[in-house]
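Chemist: For reference, the sequence and a predicted model appear below.
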Amino acid sequence: MKRPGVRMVDVAALAGVSAGTASKALSNTGQLSQETRDRVRRAAATLGFTPDARGRALSSGRTYTVALLTTDSSGRFSIPIMRGVENVLSAGELATVLCDTRDDPLREQTYLRSLVARGVDGIVVTGRRTEPRTRIDVPLPVVYALAASTDPTDASVIVDDAGGAAATITHLLRLGRTRIAHVTGPAHHRSAAERAQAVTATAGTALCGEPLYGDWSERWGRQATDLVLRQNPDAISCGSDQIARGVCDRLRELGRSVPEDIAVTGYDNWPVMALASRPPLTTVDLRLEDLGRRAATLLLEAIAGKPHHGVLELPTQLITRESTLGT
């Protein structure tokens, strides 16, 4: 709570900087070192000083609000991305507003008109698919997260799906697996196709049969298991944790031990699936919070007049668990 009588000059004096520098540090503007920003924020916290949001908005011409525009109604991907965005923006006392378009172009346009009218400082665009999407036409800074813009001059942050899939196969090969099958989602989904291509290239002669495409579901994982067992695999690489959990369930029903008989890998590191699977899944973490943090950082730079152009690809992380390592 702000103490009566505490002013910006008091914060500046305690931090050992000018009032102008203190103001820039607390509004996350200007060319200041992180050490200076942190020192000013500590001084503000010590004194119980909170900038007047209305006055700051009027004096700067900004609303200190950023929108996260998403097509991901379930929040499976947008919520961890939003956590990352908020981690960055909250340091500059910016608010984040979530706008769910539900994959409806008309709803998206309604949101965009409203956001422009409200004068938000910028927009992070994301969704549940990785296919490049058409750029949004607004007079505001925009950064695309997870799905890149089709315009190469826009700022986009995506994950290295191919690298993540390759890491699972390298892991299986190092464990001595020599007959690897791959089960994944719809062939027309970019993520399924990219992961399958990386699996094929990395596995080489260890791949037994062509990748099997289907749905992103446990049901498909169970069905596909009956098909791939005809190839006598000692490992099954899956394009998602949902598929992998279905594979594990079916193998257990058939009396096959995971990983002693057949190792299984997933993808996404979705706790609901990866940790609840029997056994818990070795999988690939998309590091969506990191993606959100990077997108927010790029947006702040664009708001400050230094926009980034092009696609930035972030690495994934292999998480090893019992489905390949055993107990």
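Modeler: Everything's here; your move. The structure displayed is predicted, hence computed values, not measured ones. Numbers count the residues shown, from 1 in each chain.

Chemist: Can you list the low-confidence ranges for the stretch 51-200 of the chain?
Modeler: 51-61, 92 (pLDDT under 70).

Chemist: what ranges do the strands span in it?
Modeler: 65-70, 95-100, 122-126, 142-145, 155-159, 180-184 (DSSP state E, counting those that start in this stretch).

Chemist: max-length helix in the protein?
Modeler: If you go by DSSP state H, the chain has its longest helix at helix 288-303.

Chemist: which strands and helices sit next to that one?
Modeler: Judged by 3 or more CB pairs under 8 Å, 6 or more residues apart in numbering; DSSP states H and E, the packing partners of helix 288-303 are helix 78-89, strand 122-126, strand 142-145, strand 155-159, strand 310-314. Glycine gets a C-beta too; all of them are placed from N, C-alpha and C.

Chemist: the inter-axis angle of the fourth one versus helix 78-89?
Modeler: Here strand 155-159 runs at an angle of 130 degrees relative to helix 78-89 (axes from the mean of the first three to the mean of the last three CA atoms, to 10 degrees).

Chemist: Residue 260 versus residue 27, what's the distance?
Modeler: Between residue 27 and residue 260 the computed distance is 58 Å (CB to CB, to the nearest Å).

Chemist: what does residue 207 give?
Modeler: From residue 207 across to residue 260, the span is 21 Å (CB to CB).

Chemist: ok, for residue 151, nearest residue in space, not its chain neighbours?
Modeler: Distances taken as CB to CB, 6 or more residues apart in numbering place residue 135 nearest to residue 151, at 4.5 Å, with adjacent residues excluded.

Chemist: My read is that that neighbour contacts residue 154, right?
Modeler: Yes: judged on CB atoms under 8 Å, residue 135 makes contact with residue 154 at a distance of 5.5 Å.

Chemist: about what we covered before: which residue of residue 27 and residue 260 possesses the greater neighbour count?
Modeler: residue 27 (17 against 10; other CB atoms under 10 Å).

Chemist: was I right about that one contacting residue 91?
Modeler: No: counting by CB under 8 Å, residue 27 does not reach residue 91; the two are 11.0 Å apart.

Chemist: can you give me phi and psi for the residue nearest to residue 151?
Modeler: Backbone dihedrals for residue 135, given as degrees, to the nearest 10, come out at phi -60, psi 150.

Chemist: ditto for residue 268
Modeler: phi 120, psi -30.

Chemist: okay, now the nearest residue to it once chain neighbours are set aside: neighbour count?
Modeler: Distances taken as CB to CB, 6+ apart put residue 241 closest to residue 268, at 5.0 Å, once the chain neighbours are dropped. Residue 241 is flanked by 27 other residues according to other CB under 10 Å.

Chemist: wait, residue 241 sits on residue 265?
Modeler: No: using CB under 8 Å as the test, residue 241 is too far from residue 265 to be in contact (9.5 Å).

Chemist: who touches both of those two?
Modeler: 281, 283 (CB atoms under 8 Å, 6 or more residues apart in numbering).

Chemist: okay, residue 135 and residue 154: which has more neighbours?
Modeler: More crowded of residue 135 and residue 154, by other CB under 10 Å: residue 154, with 19 against 16.
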